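J.: Sequence and predicted structure, then a few things I'm wondering about:
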Amino acid sequence: IRTVEMHTGGMPLRIIEAGYPEIRGDTILEKRAFVRDNLDYLRKFLMFEPRGHYDMYGALLVEPDAPGANAAVLFLHNEGYSTMCGHAIVALGRYCVDKKMVQYQEPETKVNIQCPCGLVEAYVSCSNGFTDEVRFLSVPSFVYKMDVALEVPKYGEVVVDISYGGAFYAVLPISSVGLDFEKDTIADIVAAAKEIKKECKRSIPLVHPEEPDLAFFYGVIFTDGNDTDHTTPSYNIVEFANEQIDRSPCGSGVTARMALMFTRNKIKLGEKKVISNPSTKSSFSAKVVKVWLFEVSGNGYYTGSCIFTAEDKDIHQNGFLIK
């Protein structure tokens, strides 16, 4: 299987170019279901050790079915297949232009990327034949519920907001579970996120207005609580999938957080917000473009290319995880 390796804000992206069997399905959600039900061994082959690791992330290019789409992608991680991924879109924007999947234009080249959640518009900065920063307009985002009180084991009553940015997230200040970005470890943060997500799944039924396949809890966003001061960066850490930690600020998570701030009237049309990951110091710039439509900007970089193989006698050929 042939891949191109990239990262956005420190979060890896393994772009799968060739080597997969035929992927069946008329729509991208049918393709997602087919890959999940029939080819999941290849996700483990590429995401798990020894070729990947617990926090590896992948993008599988498939044939688009949406009108106007230049590319279509399925997202892979340690648990399965997500519906939206902003850090992947940032990297894929450059990739699509560099691979001539669209016609290069200066100062920006538009790339329409079909994701399981819908069509995402990416705009790639272009100058002197080179690609640089990418901004994207995600699918319309919204707040599902606000101020939901949960009784969480070990943490007591915790109040969360549920917001959608291509996937559903529970959003809350990290201080509300007695933790601190500087003093506490990633293991502490993951442990809290795990319990919160478990309680969300148990007590908050999700309904997506268009697609039942999109109605699932994807992650937990811990913020520093800074939703009003837009002159300084705000920090968040996002746990998603099976206790996976995003090294970037998380594109779909930033979109969900912007929708929440907009709903609470803490950010207005046209205003920008810089959101950073306190561990890697990587940042995304976000902007309210229209009601429920948000723009996220960042940089993706190439790190290499790979050809992955397996030998019959290798007892680890199918992949494994050690957490």
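T.: Ah, there it is.

J.: would you list every one of the helices in this protein?
T.: Secondary structure of the chain (DSSP state H): helices at 28-38, 40-47, 86-98, 186-203, 251-263.

J.: Report pLDDT for the nearest residue to residue 268 once chain neighbours are set aside.
T.: Leaving aside its sequence neighbours, residue 268 sits nearest to residue 288 (C-beta to C-beta, 6 or more residues apart in numbering; 6.6 Å). To be clear about C-beta, it is placed using only N, CA and C from the backbone, and glycine gets the same treatment. pLDDT for residue 288: 97.

J.: ditto for residue 94
T.: pLDDT at residue 94 comes out at 98.

J.: can I assume it is in contact with residue 126?
T.: No - in this structure, residue 94 is not within contact of residue 126 by C-beta atoms under 8 Å, at 9.6 Å.

J.: gap between the residue nearest to residue 268 and residue 82?
T.: Taking C-beta to C-beta, to the nearest Å as the measure, residue 288 and residue 82 are separated by 24 Å.

J.: circling back: is it possible to get TSV of the helices of the chain that adds distance to residue 275 and mean neighbour count?
T.: Shown next, in TSV, are the helices of the chain (distance: least, C-beta to C-beta, whole Å; neighbours: other C-beta atoms under 10 Å):
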stretch	distance to residue 275	mean neighbour count
helix 28-38	28	17
helix 40-47	26	18
helix 86-98	11	28
helix 186-203	16	17
helix 251-263	5	28
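
J.: okay, and the common contacts of residue 94 and residue 126?
T.: Counting by C-beta atoms under 8 Å, 6 or more residues apart in numbering, the shared contacts of residue 94 and residue 126 are residue 132.

J.: Same list, the helices of the chain, but as TSV with distance to residue 318 please.
T.: Listed next are the helices of the chain as TSV, based on distance: least, C-beta to C-beta, whole Å:
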stretch	distance to residue 318
helix 28-38	15
helix 40-47	6
helix 86-98	24
helix 186-203	25
helix 251-263	29
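
J.: Who has more neighbours out of residue 288 and residue 82?
T.: residue 82 (25 against 20; other C-beta atoms under 10 Å).

J.: Now that that one has come up, it's in contact with residue 218, right?
T.: Yes - counting by C-beta under 8 Å, residue 218 is a contact partner of residue 82 at 6.3 Å.

J.: what's the overlap in contacts for the two?
T.: 167, 240-241.

J.: which of these lies closest to residue 156?
T.: Nearest to residue 156 among the shared contacts of residue 82 and residue 218 is residue 240, at 23.9 Å by C-beta to C-beta.

J.: What number of residues are in the vicinity of the residue nearest to residue 63 when sequence neighbours are not counted?
T.: Nearest residue to residue 63, sequence neighbours excluded (C-beta to C-beta, 6+ apart): residue 72, at 6.4 Å. Other residues near residue 72 number 21, with proximity taken as other C-beta under 10 Å.

J.: which residues touch residue 72?
T.: Counting by C-beta under 8 Å, 6+ apart, residue 72 touches 28, 31, 61-66, 113-115.

J.: Over to residue 21?
T.: So residue 21 contacts residue 39 (C-beta under 8 Å, 6+ apart).

J.: Leaving out the residues flanking it, which one is nearest to the residue nearest to the spatial centre of the chain?
T.: Taking C-alpha atoms, centre = their mean as the criterion, residue 85 is the residue nearest the geometric centre of the chain, at 2.8 Å. Closest residue to residue 85 apart from its sequence neighbours, by C-beta to C-beta, 6+ apart: residue 75 at 4.7 Å.

J.: surely the one you found meets residue 116?
T.: Yes - Residue 75 is in contact with residue 116 according to C-beta under 8 Å; the separation is 7.5 Å.

J.: Overlap of the contact sets of those two?
T.: Common contacts of residue 75 and residue 116 (C-beta under 8 Å, 6+ apart): 81-84.

J.: Narrow those residues to those in strands?
T.: 81-82 (DSSP state E).

J.: Check the shared contacts of residue 75 and residue 116 and tell me the two furthest apart.
T.: For these, and using C-beta to C-beta, no pair is farther apart than 81 and 84, which are 11.1 Å apart.

J.: between those two, who's got more neighbours?
T.: Ranked by neighbour count (other C-beta under 10 Å), residue 81 and residue 84 place residue 84 first, with 26 against 19.

J.: Quick one: residues contacting the more buried one.
T.: 75, 115-117, 120, 138-139, 165-167, 251-252.

J.: Could you find the lowest-pLDDT member of the residues you listed?
T.: residue 138 (89).

J.: Quick check: buried residues in stretch 48-64?
T.: 48, 51-52, 54-62, 64 (16 or more other C-beta atoms under 10 Å).

J.: nope, stretch 264-276 is what I meant
T.: Quick answer for stretch 264-276 (16+ other C-beta under 10 Å): 266-267, 273-276.

J.: Quick check: phi and psi at the residue lying closest to residue 207 once chain neighbours are set aside.
T.: Excluding the flanking residues, the one nearest residue 207 by C-beta to C-beta, 6+ apart is residue 215, at 5.7 Å. Phi and psi for residue 215, reported as degrees, to the nearest 10, are phi -90, psi 80.
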